[in-house]
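In: got a structure for you, letters missing:
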């Protein structure tokens, strides 16, 4: 009986002595799993990123093909060389010389989205990248829309926008928001309109067409205010 009791005590004592070793082993395994978890999460995240944003898929191929055929990256050296040789960059239309940090005019290096500030104030400044680009595109859209709408309805531009029961104002506000957002996306990504060209569709052609459209659209509204009739009806 004493022998049996001593064996049981030795078993219990041996079990208690072995318990810390077992706990250490379990702790090591837990720590190993804990250390391994971030690695697994990181590798999984990298895998997801590679699949979603790694430049794969048909849309990425299309974007890459469009960039190769239409995009020209404008570098800082090109801008500096243009500032030195281009007479229009040495003084503004009002005769003032561009000064760094001034409100207007600013050097080309500071007003371009490729090398200058992309803040709201800089982009929408008088010589910023956004105002003329957005106004030109809206003017071209507005003039083309006026020609078609006046042919179809016989209403003047202002009648289409402000007359009761017409939806011209809603479409106008929607077009302003859409074209503003679409024009701001590349600018905020550091790309000016001069960086894109495809055949006859160049930045210079867009600017001149837009300027003519602004003059034409303004003249159309003024003419219809005096005549009270649609010009293109």
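Out: Cool, got the structure. The structure presented is a predicted model; accordingly, all values stated were derived computationally and were not measured. Numbering: from 1, shown residues only.
In: quick one: secondary structure of residue 166?
Out: Here residue 166 is recorded as coil under DSSP: H, G, I helix; E, B strand; the rest coil.
In: secondary structure element for the closest residue to it other than its chain neighbours?
Out: By the measure of CB to CB, 6 or more residues apart in numbering, the closest residue to residue 166 outside its immediate chain neighbours is residue 160, 5.7 Å from it. Bear in mind the C-beta positions are built from the backbone N, C-alpha and C, glycine included. Secondary structure assigned from DSSP states H and E places residue 160 in helix 157-162.
In: So for the helix or strand that that helix is followed by, mean pLDDT?
Out: Counting by DSSP H and E, the next helix or strand C-terminal to helix 157-162 is helix 168-188. This predicted structure assigns helix 168-188 an average pLDDT of 93.
In: what's the spacing between the following helix or strand past helix 168-188 and its chain's center?
Out: On the C-terminal side of helix 168-188, the closest following helix or strand by DSSP H and E is helix 203-227. Centre-to-centre, helix 203-227 and its host chain are 28 Å apart (CA atoms, centre = their mean, to the nearest Å).
In: Over to stretch 163-172?
Out: Average the C-alpha atoms of stretch 163-172, do the same for its chain, and the two points are 29 Å apart (CA atoms, centre = their mean).
In: Quick check: buried residues in it?
Out: Taking 16 or more other CB atoms under 10 Å as the neighbour-count basis, stretch 163-172 is seen to contain the buried residues 168, 172.
In: returning to that earlier point: what pLDDT does the model give the residue nearest to residue 166?
Out: For residue 160, the model assigns a pLDDT of 90.
In: I'd like to know how far it sits from residue 56.
Out: In this structure, residue 160 and residue 56 are separated by 46 Å, where distance is defined by CB to CB, to the nearest Å.
In: okay, those two: which has more neighbours?
Out: Taking other CB atoms under 10 Å, residue 160 and residue 56 do not tie; residue 160 has more neighbours (22 against 11).
In: Distance of that one relative to residue 177?
Out: Applying CB to CB, the value for residue 160 to residue 177 is 19 Å.
In: picking that back up, who touches the residue nearest to residue 166 in this structure?
Out: With contacts defined as CB atoms under 8 Å, 6 or more residues apart in numbering, the neighbours of residue 160 are 149, 150, 153, 166, 168.
In: Among those, which pair sits farthest apart?
Out: Across the contacts of residue 160, the two members that end up farthest from each other (CB to CB) are 150 and 166, 12.8 Å apart.
In: right, and the helix or strand after the helix-or-strand element of the chain with minimal mean pLDDT?
Out: Considering only helices and strands, the least confidently modelled element of the chain by mean pLDDT, DSSP states H and E is helix 2-53, at a mean of 42. Taking DSSP H and E as the definition, the helix or strand that follows helix 2-53 towards the C-terminus is helix 58-70.
In: Next, the buried residues of the helix or strand just after that following helix.
Out: The C-terminal neighbour of helix 58-70 among helices and strands, as given by DSSP H and E, is helix 76-85. Across helix 76-85, burial judged by 16+ other CB under 10 Å covers residue 79.
In: Pull the residues that contact helix 76-85.
Out: Taking CB under 8 Å, 6+ apart as the criterion, the residues outside helix 76-85 that touch it are 89, 90, 107, 108, 109, 112, 114, 115.
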